[in-house]
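Participant: Below are the sequence and a predicted model; questions follow.
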Amino acid sequence: MRLNLVEGLWVGACMASVSLPALAQELTPEQQAARAARLSEEMKTWEPVAPPTDPRDFTGLWEVPIPLVGLRQTDGSQPPFTAQEAKDVQFHIDSARAGQVITDASSQCFPHGVPRLTTAPYPLRFAHAPGMVLMLHEVAHNVRYIHLDRPAPANEPYTFLGYSTGHWDGNTLVVETTHLNQDTLLDGNISHGPRLKVTERWTKVKTASGNTQLQNVITIEDPDHFTRPWSTQRNFAFRSDIANSAGSEGLVEYSCEENNRNQPGADKIVTAR
Amino acid sequence: MSSRFALIALAACALAALDCAGASAKVDAWADVPLAQRPVAGTPNIGGVWQMPRRIVALKTVDGREPPLLPAAKAQYARNIAALKADPGADPISGCLMHGLPRLLYAPYPVLISQERDRINFVHEANHTFRIVTLTKPLPKVDEDLDPQWLGHSAGRWEGRTLVIDTVGFNDKTWLDYSGLPHSDQLRIQERYKLAGHDRIKGEITITDPRTFAAPWTTSFVLTRKPNYDLKESVCARDHRM
């Protein structure tokens, strides 16, 4: 199994939803500096094959360089929880501390939900097809279809990954996802309701060091859980170095259903629903 | 459609070099696919949503005979059939594990084939299982360094107008079909896909497994197109269909 740069902390998407503060906050300034130096050294080897030059061509393998599971607003502050949601988040945190982890869909090998899937510390492959953009995720073989040629059908059912439509705003792919069921959490602790709408703005950018990234600005709207819309951001690094693995185009087969250690009923894990 | 628009559509067809018979309505959709990712000129277009028009439970050779099972494998096949009859839970996919190949193709669900210049993605509705097939990289060498996978490791190529995909590196935990046909981890399969008109694919699968079969053998299938079909979110643990 591929190890991420997580300072020895393994954050498995199929593992129980332990409340994890943003990882950077757990590190001392010295540790942060050491990680930044190591990352900057590693990044030099990530693009042996250059990404497509077309800014609207996202084809390739992408991975978050530093997994951050907990969601914060872009400026690092807490999301604008309603009073009830703040209580619920605290309940999740307290339960985990008490050894009663509350699991969500991903622990049961169901699709992760959005944006939780997008924050998972595993690579994904983007593919363009007529009328759609495909996001093929390593983790638990999650697949998202971003429809470019049709609106969400009127009678669309609510599902784990919802219904996603997309359009181009300049060179930014704007993806709007609705019809998300309530069996998922937004991260390890934050709940949502049927009125959730997630807007992602995906843009290919260059870092100061010349690496290619897909920047994803995620805006979350759910008037039943938040007092206003709020945004967070995840950047994905282009990884043609691992895209060359033979036989699977860079994605390691991930069968969550095989030997799932955290299915409901396992010790000290209770489900939210 | 105005004639001017039709001309543009035809030109776009030529540009994308796709099989454009009756496909002018799809031109707008291809416009969103980056030029560098569109299949090269002359490549047959097998992209779209497909499904087998009839259910195939037990694989037979192309001339309708039983596969050439070796004696021990024949006995195992009989045990699998009996176990399945006694308890559907004996089926390796009953716990929502991956189907393996070629069984995944025979699952009673549609498959989205997304055709890129350098790879072909098979996205199956069945438990959202997908397979990415390179068209530019070699098949990996089968040795102790190659991790066995439920769906193996694939590499494909165009041979004239036929897409040929070789797959190696399977585990031995799956069945080849819905009847319980066994295999070993020495399994290798070759799939061949050829368009027969715009809405039909004729497929062949050659199965080689010296520990299970006396000789390589070939079976065939047909896929028909499901136009304008949105793949549904199918989650095995929620809506299991065997």
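Facilitator: Ah, there it is. Numbering: from 1, shown residues only, chains lettered A, B, ... in the order given.
Participant: Near residue 69, how many other residues are there?
Facilitator: This is for chain A. Look at A:Val69: counted by other C-beta atoms under 10 Å in any protein chain shown, it has 20 neighbours. C-betas here are computed from N, CA, C, even on glycine.
Participant: my bad, chain B
Facilitator: Look at B:Leu69: counted by other C-beta under 10 Å, it has 19 neighbours.
Participant: ok, now how distant is it from chain A?
Facilitator: Distance of B:Leu69 to chain A, computed by C-beta to the nearest C-beta, to the nearest Å: 27 Å.
Participant: check contacts around the closest residue to B:Gly48 other than its chain neighbours.
Facilitator: The shortest distance from B:Gly48 to any non-neighbouring residue, by C-beta to C-beta, 6 or more residues apart in numbering or on different chains, is to B:Arg225 (5.5 Å). Neighbouring residues of B:Arg225 by C-beta atoms under 8 Å, 6 or more residues apart in numbering or on different chains: B:Gly48, B:Val49, B:Trp50, B:His198, B:Asp199, B:Arg200.
Participant: Show me these that map onto strands.
Facilitator: Judged by DSSP state E, the subset of these located in strands is B:Gly48, B:Val49, B:Trp50, B:Arg200.
Participant: The second one: neighbour count?
Facilitator: Counted with other C-beta under 10 Å, the neighbours of B:Val49 add up to 19.
Participant: If I look at the residue in chain B that chain A sits nearest to, what pLDDT would I see?
Facilitator: Minimum separation of chain B from chain A (C-beta to the nearest C-beta) falls at B:His153, amounting to 2.5 Å. pLDDT recorded at B:His153 is 95.
Participant: Specify the beta-bridge partners of it.
Facilitator: Bridge pairing for B:His153 (DSSP bridges) gives the partners B:Val168.
Participant: confidence score at the residue most central in space within chain B?
Facilitator: The residue lying closest to the centre of chain B (C-alpha atoms, centre = their mean) is B:Leu105, at 4.8 Å. pLDDT recorded at B:Leu105 is 97.
Participant: Now, of the ones in strands among the contacts of B:Arg225, which are buried?
Facilitator: B:Gly48, B:Val49, B:Trp50 (16 or more other C-beta atoms under 10 Å in any protein chain shown).
Participant: Now do the second one against B:Glu125, distance only.
Facilitator: To tie it back to what came earlier, the one meant is B:Val49. According to C-beta to C-beta, to the nearest Å, B:Val49 and B:Glu125 sit 9 Å apart.
Participant: shared neighbours of those two, anything?
Facilitator: Residues within reach of B:Val49 and of B:Glu125 at once, by C-beta under 8 Å, 6+ apart, are B:Pro110, B:Val111, B:Leu112, B:Leu231.
Participant: Tell me which strands the helix or strand harbouring the third one pairs with, and in which orientation.
Facilitator: Secondary structure assigned from DSSP states H and E places B:Leu112 in strand B:111-115. Looking at strand B:111-115 with DSSP bridges, its paired strands and their directions are strand B:48-51 (antiparallel), strand B:119-124 (antiparallel).
Participant: so can I have JSON lines of those strands showing mean pLDDT?
Facilitator: Shown next, in JSON lines, are the strands paired with strand B:111-115 (pLDDT from 0 to 100):
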{"stretch": "strand B:48-51", "mean pLDDT": "97"}
{"stretch": "strand B:119-124", "mean pLDDT": "97"}
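Participant: Rebuild those as TSV, extending it with distance to A:Gly162.
Facilitator: Converted to TSV, the strands paired with strand B:111-115 look like this (distance: least, C-beta to C-beta, whole Å):
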stretch	distance to A:Gly162
strand B:48-51	20
strand B:119-124	17
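Participant: Of the ones you listed, which is nearest A:Arg125?
Facilitator: Nearest to A:Arg125 among these is strand B:119-124 (8.2 Å), distances taken as C-beta to C-beta.
Participant: Return the closest one as CSV; C-alpha atoms alone will do.
Facilitator: What follows is strand B:119-124, C-alpha atoms only, in CSV (Å, rounded to 0.1, in the frame of the first residue of the first chain):
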residue,chain,number,x,y,z
ARG,B,119,-6.4,4.5,-22.4
ILE,B,120,-9.9,3.0,-22.2
ASN,B,121,-11.9,3.2,-19.0
PHE,B,122,-14.5,0.6,-18.3
VAL,B,123,-16.9,2.0,-15.6
HIS,B,124,-19.4,-0.6,-14.6
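Participant: Report all helices and strands that the next helix-or-strand element following that strand contacts.
Facilitator: Remark: after strand B:119-124, the chain's next helix or strand is strand B:129-134, criterion DSSP H and E. When contacts are defined as 3 or more C-beta pairs under 8 Å, 6 or more residues apart in numbering or on different chains; DSSP states H and E, strand B:129-134 packs onto strand B:119-124, strand B:153-159.
Participant: Good, wrapping up.
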